[in-house]
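1. Got a sequence here, can you build the structure:
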Amino acid sequence: MLFKYSKKDIFLVIVCLLNVSGFLLAANYYHGLSSVMKVILGVAFVCFYCTNYQCVSHNFIHNNFFTNDKLNFVFSLINSMAMGLPQTLYYQHHMNHHRYNNDKPAKGNETKDISSLYRYGKEGKEEGLLTYSFIGFFRIDLVSLAKRNKGDKRRLFYVELISVLIFWCVLIDINYKFFLMFYLPVWYLGQVAALMENYFEHYGAGVNDRKRDSVSCYNKLYNFLWFNNGYHQEHHFSPTTHWTEIEKVKDLLPKDRKIVDGAHFFNFPRS
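-> Numbering: from 1, shown residues only. The predicted structure is shown next:
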């Protein structure tokens, strides 16, 4: 049996492989692309990044895809290349988020969730969307996250880091202009998109209440395309439930919680 929880995880693996192979192809044919095609590809890769964070890497963190540990190890390396960051860094960042989910600090204190919308907010309010998203990545202490990895995870981190650096060297060798003028801007905007999505998933939700501290949306198309990512409150309440089963958790939650129509994007701040 190849997959540990569901054969449907193959689609998440495919997204990862398309991300990596797509960059290699784009680097190879970069000089022949028109400006319009470069913009279209750029938008597509930003969407790939966001999908990786929210769906691929996210689900892999909570439920490793394969029954074989060696396959999980290999996937960690490949997905680190796709993300442009070691998977274990995101693991530490995300586990911190789950532990303290968007907490609101007491006056004068700092949030324990390093990705909390309240961390850099003023007067006890959530930070604005644009500063949270566009500055957020530069606020993350990657060295501190790396140091949280212990034992096997620390060793895995170093191998993932080497894999990312090798992948970057390959892209530079194929076309250094592609790397500087396309890859790096797209990589940064991918981080921005992932942070924006996290903002939408928590903006306006309750705090310090495990049944009301996130935002869900139940549009069928959105959840089909994004592997049930709309069931976000359900996920925070039961993080180890596989994405194919997460819909069942809905009945365990109160109805007086924040739900948005369509997609998380429609939870856009109104003021």
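2. At the geometric centre of this structure, which residue do we find?
-> Centroid-nearest residue in the chain: Tyr53, 2.0 Å away (criterion: Cα atoms, centre = their mean).
3. Local confidence estimate at that residue?
-> In the predicted model, Tyr53 carries a pLDDT score of 97.
4. contacting residues for it?
-> Listed by Cβ atoms under 8 Å, 6 or more residues apart in numbering, the contact partners of Tyr53 are 83, 90, 190, 194, 197. In this view, the C-beta of every residue, glycine as well, is placed from N, C-alpha and C.
5. is it true that the first one touches Tyr91?
-> No. Here Met83 does not reach Tyr91: they are 11.3 Å apart, not a contact under Cβ atoms under 8 Å.
6. Those two - which one has more neighbours?
-> For Met83 versus Tyr91, neighbours defined as other Cβ atoms under 10 Å are more numerous around Met83 (26 against 21).
7. So for that one, what pLDDT did the model give?
-> For Met83, the model assigns a pLDDT of 97.
8. Near the residue lying closest to Asn228 once chain neighbours are set aside, how many other residues are there?
-> For Asn228, the nearest residue in space outside its immediate sequence neighbours is Trp243; the separation is 4.7 Å by Cβ to Cβ, 6 or more residues apart in numbering. Residue crowding around Trp243 was assessed by other Cβ under 10 Å; the count is 23.
9. Pro254 belongs to a helix?
-> No. Membership of Pro254 in a helix is not supported by DSSP: H, G, I helix; E, B strand; the rest coil, which gives coil.
10. Give me the three-state assignment for Pro239.
-> coil.
11. what about it, distance to Asn101?
-> To Asn101, Pro239 is 10 Å away according to Cβ to Cβ, to the nearest Å.
12. Then Glu123?
-> Using Cβ to Cβ, which is the criterion applied here, Glu123 is 21 Å from Asn101.
13. shaky segments in the stretch 51-200 of the chain?
-> For the stretch 51-200 of the chain, the stretches flagged by pLDDT under 70 are 108.
14. what are the ranges of the strands in it?
-> When assigned using DSSP state E, counting those that start in this stretch, the stretch 51-200 of the chain turns out to have no strands.
15. domains of this structure?
-> For the chain, whose domains are defined here by automatic domain parsing, the residue ranges read 7-200, 208-271.
16. among those, which is nearest Met1?
-> Using Cβ to Cβ as the measure, domain 7-200 is the one of the domains of the chain that comes nearest Met1, at 5.6 Å.
17. quick check, distance from that closest one to the centre of its chain.
-> A distance of 6 Å separates the centroid of the chain from that of domain 7-200, by Cα atoms, centre = their mean, to the nearest Å.
18. Select the longest helix from this structure.
-> Of all the elements of type helix in the chain, the one with the most residues (DSSP state H) is helix 152-174.
19. List the buried residues of that one.
-> By neighbour count with 16 or more other Cβ atoms under 10 Å, helix 152-174 contains the buried residues 156-157, 160-161, 163-164, 167-168, 171, 174.
20. count of neighbours near His94?
-> 18.
21. quick one: it and Ile61 touch, right?
-> Yes. Look at His94 against Ile61 with Cβ under 8 Å: they come within range, at 5.6 Å.
22. Helices along the chain, start to end?
-> Using DSSP H, the helices found in the chain span residues 10-28, 35-51, 58-62, 69-83, 87-100, 129-139, 142-147, 152-174, 176-178, 184-200, 220-225, 232-237.
23. between the fourth one and helix 184-200, how many degrees?
-> By that I understand helix 69-83. Put simply, helix 69-83 runs at 110 degrees to helix 184-200, going by axes from the mean of the first three to the mean of the last three Cα atoms, to 10 degrees.
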